[in-house]
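>>> make a model of this:
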Amino acid sequence: MTQRLTPRLALLLTVPPLMWAGNAVVGKLAVGAAPPIGLNLARWLLAFALLWPLGRAALLDRAALRQNWRYLSLLGLLGMGSYNALQYLALHTSTPLNATLITASSPVWMLGIGALFYGVQPRGRELLGAFLSLLGVALVISRGEPARLLELSFVPGDLLMLLAILSWGVYSWLLARPPAGMQGERRPAWDWAGFLLVQIAFGLVWCTLSAGVEAVVSPAQWQATPQVALILLYVAIGPSLIAYRCWGLGVATVGPAVAGFFVNLTPVFAAVLSAALLGEAPQLFHAAAFGLIVAGIAISSRHG
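Numbers count the residues shown, from 1 in each chain. This is a model prediction of the structure:
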């Protein structure tokens, strides 16, 4: 049973898109400096090491691991093994702007997955909220000039980004509503650190396999520079530990359909971060877009 969206939960769900906006920017900076799938593996290895002191007890719960291995394997594949690897691959041919634009379609896919596989039919206010949020995203992309939307071009990396966001949508629904047939008799009584650490552990299996394939098919060298070290540190802490913790708690509380609307804040944050890096002040259309997206979130999350 989902709860109402409170200011605290809204703030909590605002953190992941902020972290992910930064992830898109630094992911682009890593192109040519680190192999994309290898970067994903290194990211989760470091995140695992950082989280180990807090969640290691969960990995000793062998009975729960055996009973829930299929569910945990799927979470690891979709949330750690696929989503981020596909995003880093996408950024080799796509741009952070296009990547965040495609990410902004998340509410539509969240609603669609819920309707197709969970029997959760979208309410009218959710559809209206999705429209308002996407309108806000379009405002950011066009920089307040609708004609600019006709100038957008898409590349193969955009398709990879679409697959990534589909993977994330299924992952989010699995977090909120685990399939009964894929779990054991009891849901493990792990705290957030233990549950996330276990997901990372299972995800590392997929990450290692895919990185091995990458090393054989498309070998690339790491650049041992301070910039690469800082990129790795950021993606392991911000978009991984902090964002996944906030997202998991938010999805479990308000449901994936409502949480999905917050993803639309990603291109807004990406535009502001890019503007800051270029020394430009935020424009009026940024504020208007933020207002539309917040309105979409507010309308979609209303009960009754």
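>>> how about the strands of the stretch 51-200 of the chain, start to end?
With strands called from DSSP state E, counting those that start in this stretch, the stretch 51-200 of the chain shows none.
>>> where does it dip in pLDDT?
For the stretch 51-200 of the chain, applying pLDDT under 70 flags the ranges 97-98, 137, 140-141, 143, 152-154, 181-187.
>>> tell me where it has helices.
Listed in chain order, the helices of the stretch 51-200 of the chain (DSSP state H, counting those that start in this stretch) span 62-67, 69-75, 83-90, 96-103, 106-117, 124-142, 156-176, 192-217.
>>> can you lay out those as a markdown table showing distance to residue 33?
In this view, the C-beta of every residue, glycine as well, is placed from N, C-alpha and C. A markdown table is the format used below for the helices of the stretch 51-200 of the chain (distance: least, Cβ to Cβ, whole Å):
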| stretch | distance to residue 33 |
| --- | --- |
| helix 62-67 | 36 |
| helix 69-75 | 29 |
| helix 83-90 | 12 |
| helix 96-103 | 16 |
| helix 106-117 | 28 |
| helix 124-142 | 27 |
| helix 156-176 | 17 |
| helix 192-217 | 15 |
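>>> what about those, which gets the closest to residue 237?
Closest to residue 237 of these, according to Cβ to Cβ: helix 192-217, at 12.8 Å.
>>> and the closest one, how far out from the chain's middle?
Taking Cα atoms, centre = their mean, to the nearest Å, the mean C-alpha location of helix 192-217 is offset from the chain mean by 16 Å.
>>> just give the number of residues close to residue 233.
By the criterion of other Cβ atoms under 10 Å, residue 233 has 13 neighbours.
>>> quick check: phi and psi at it.
The phi/psi pair for residue 233 (degrees, to the nearest 10) reads phi -60, psi -40.
>>> which residues touch it?
Counting by Cβ atoms under 8 Å, 6 or more residues apart in numbering, residue 233 touches residue 46.
>>> I'd say residue 190 and residue 61 touch.
Yes. Using Cβ atoms under 8 Å, residue 190 is in contact with residue 61, at 7.3 Å.
>>> follow-up on the earlier one: need the helices of the stretch 51-200 of the chain in CSV (columns: mean neighbour count and distance to residue 46).
As requested, those are arranged in CSV below (neighbours: other Cβ atoms under 10 Å; distance: least, Cβ to Cβ, whole Å):
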stretch, mean neighbour count, distance to residue 46
helix 62-67, 14, 22
helix 69-75, 18, 19
helix 83-90, 25, 13
helix 96-103, 24, 22
helix 106-117, 20, 26
helix 124-142, 21, 31
helix 156-176, 21, 21
helix 192-217, 19, 10
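>>> how about those, which one is nearest residue 256?
Among the helices of the stretch 51-200 of the chain, the nearest to residue 256 by Cβ to Cβ is helix 156-176 (4.1 Å).
>>> from the contact counts, what lies against the closest one?
Where contact means 3 or more Cβ pairs under 8 Å, 6 or more residues apart in numbering; DSSP states H and E, helix 156-176 is packed against helix 69-75, helix 83-90, helix 96-103, helix 106-117, helix 243-254, helix 256-262.
>>> repeat that with 6 Å
helix 83-90, helix 96-103, helix 106-117, helix 243-254, helix 256-262 (3 or more Cβ pairs under 6 Å, 6 or more residues apart in numbering; DSSP states H and E).
>>> any idea how far the third one is from the chain center?
In terms of Cα atoms, centre = their mean, the centre of helix 106-117 is set 15 Å apart from its chain centre.
>>> list of residues touching that helix?
Contacts to helix 106-117, defined as Cβ atoms under 6 Å, 6 or more residues apart in numbering, come from residues 120-122, 130, 165-166, 169, 173, 256-257, 260-261, 263.
>>> before we move on, what about the first one?
Outside of helix 83-90, the residues that reach it under the criterion Cβ under 6 Å, 6+ apart are 27, 36-37, 39-40, 99, 157, 160-161, 163-164, 167-168.
>>> please apply the same query to the fourth one.
Contacting residues not belonging to helix 243-254 are listed as 2-3, 5, 9, 12-13, 15-16, 19, 172, 175-176, 192, 196, 259 [Cβ under 6 Å, 6+ apart].
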